[in-house]
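Peer 1: the amino acid sequence is not available; the structure is as follows:
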C-alpha cells in the first residue's frame, strides 16, 4: 500500500502486480482504513492475506483495517523503500498519468479506475510480458 499523494491510495497485489487506486479525501487514518477495506474486497478472498504499508500517519488505523478485512498488516522499516518495490514501481508508472505538481484533489474515482485499468492491461517484463490482469486471472485459477 502506498500512494503518490494524500489524495490517492494505491493497492498492488504482490504476485500479479494488479493495481487498485482509491480516492481518499483526507489523510485521516480511520477514513483511509475504511476506504481501503472497502476497495480490497474487490480482490478474491484467496488473495487477501496480508498488506504491507508504509509508516505514514494515515496508516495509524491499521488495526481497524485488520478487523474489517481479516488481513494482517505489516510495516516496512523506516527509509527502506526497496521493501515495497512493487508499490514504488507503481508510483513511478502513476507519475506518467499524474505528474508532480498536478492538483490531484479534483480527480474522480472514475478517472482513477480508468488509470488502474490501463496499468492492469499493460504488459510487464517482471510478469514475463503478461499483463497484471492476465497474471491475476492465472493466480486466481491456480488457487481456486
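Peer 2: Alright, I've got the coordinates. Values in this document were obtained by computation on a predicted structure and should not be read as measured data. Numbering: from 1, shown residues only.

Peer 1: residues near residue 32, how many?
Peer 2: 28 (other C-beta atoms under 10 Å). Every residue, glycine included, has its C-beta placed from N, CA and C.

Peer 1: pretty sure it sits against residue 61.
Peer 2: Yes - taking contacts as C-beta atoms under 8 Å, residue 32 lies within contact range of residue 61: 6.9 Å.

Peer 1: how about the helices in this protein?
Peer 2: Counting by DSSP state H, the segments of the chain that form helices are 29-40, 62-69, 85-94, 109-120, 132-143.

Peer 1: now render those as TSV, adding distance to residue 47 and mean pLDDT.
Peer 2: Formatted as TSV, the entries for the helices of the chain read as follows, by distance: least, C-beta to C-beta, whole Å; pLDDT from 0 to 100:
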stretch	distance to residue 47	mean pLDDT
helix 29-40	9	85
helix 62-69	12	85
helix 85-94	14	85
helix 109-120	14	96
helix 132-143	7	86
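
Peer 1: need those in JSON lines (columns: distance to residue 23).
Peer 2: Supplementary listing: the helices of the chain in JSON lines, determined by distance: least, C-beta to C-beta, whole Å:
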{"stretch": "helix 29-40", "distance to residue 23": "8"}
{"stretch": "helix 62-69", "distance to residue 23": "17"}
{"stretch": "helix 85-94", "distance to residue 23": "13"}
{"stretch": "helix 109-120", "distance to residue 23": "5"}
{"stretch": "helix 132-143", "distance to residue 23": "20"}
